[in-house]
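# prediction below, plus the sequence it came from.
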Amino acid sequence: MSSDTELCDLTAVEAARLVRERHITAAELVESCLRRIERVNGTVNAIVTLVADQALAEAAKADADLAAGHLRGPLHGLPVAHKDLVDTAGIRTTYGSRLYEDHVPDRDAVIVRRMRAAGAITVGKTNTPEFGTGSHTVNAVFGATRNPYDTARSAGGSSGGAAAALATGMVPLADGSDMGGSLRNPASFCNVTGLRPTPGLVPS
């Protein structure tokens, strides 16, 4: 890693390996991501709900667990962001709709539970069009997510917040959803990788 590379610019695979091998701490990685979010999110509007204090607390626990010899899984200590369509216990989930502007679920969606069980640390929620319907990420609650390469252009949709967050190094990994291109379209707009798993592989 060169001296001018920030931890938040590491790939998910590399960051997870460095945490696992204790070359860096989860706290250092989360702090780097939070600094990047503070610096660039106001311009691209990718992360719409941030849980910085919770993420830092989870990072401290991840580091303590690792020091005690307990590796939770392949995502141990890795900061992630969840699409605002995905329920997160205790964290506002709006589905991009004013109907749910103040909605706070009491349980995690399956994908969130599985990522947490694998050691991931939730940093926040990413923008989506209302109910995930649309090829451009804009809604009445949070406004538009802008393309990191040209903020006058679209980040795509419906996982545009996730794609823009990845492209700017706010998080090394983010989830999304895809019925007709909602992972692949914004990934292509933002020059990142969006993977749509085989239907039925991830439960809905």
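Now that the structure is in, tell me what you want to look at. Residues are numbered from 1 along each chain as shown.

# what about the helix of greatest length in the chain, distance to the chain center?
Among the segments of the chain that qualify as a helix by DSSP state H, the longest is helix 26-44. Shown here is helix 26-44, whose average C-alpha point lies 11 Å from the average C-alpha point of the whole chain (CA atoms, centre = their mean, to the nearest Å).

# next one: stretch 88-100
On CA atoms, centre = their mean, the centre of stretch 88-100 falls 15 Å from the chain's centre.

# contacting residues around it?
In this structure, residues lying in contact with stretch 88-100 by CB atoms under 8 Å, 6 or more residues apart in numbering are 48-49, 51, 54, 82, 84-87, 101-109, 112, 122, 124-125, 127-132, 139-142. Bear in mind the C-beta positions are built from the backbone N, C-alpha and C, glycine included.

# try 6 Å
When contacts are defined by CB atoms under 6 Å, 6 or more residues apart in numbering, stretch 88-100 is touched by residues 49, 51, 82, 84-85, 87, 101, 103-105, 107-108, 112, 128-131, 139-141.

# and it, end to end?
The separation between the terminal residues of stretch 88-100, taken as CA to CA, to the nearest Å, is 14 Å.

# which of the residues in it are classified as buried?
Judged by neighbour count using 16 or more other CB atoms under 10 Å, the buried positions of stretch 88-100 are 88, 91-97, 100.

# give the contact list for the closest residue to residue 96 other than its chain neighbours.
Ranked by CB to CB, 6 or more residues apart in numbering and with sequence neighbours excluded, the top spatial neighbour of residue 96 is residue 139, at 3.7 Å. Under the criterion of CB under 6 Å, 6+ apart, the contact partners of residue 139 comprise 96, 129-130.
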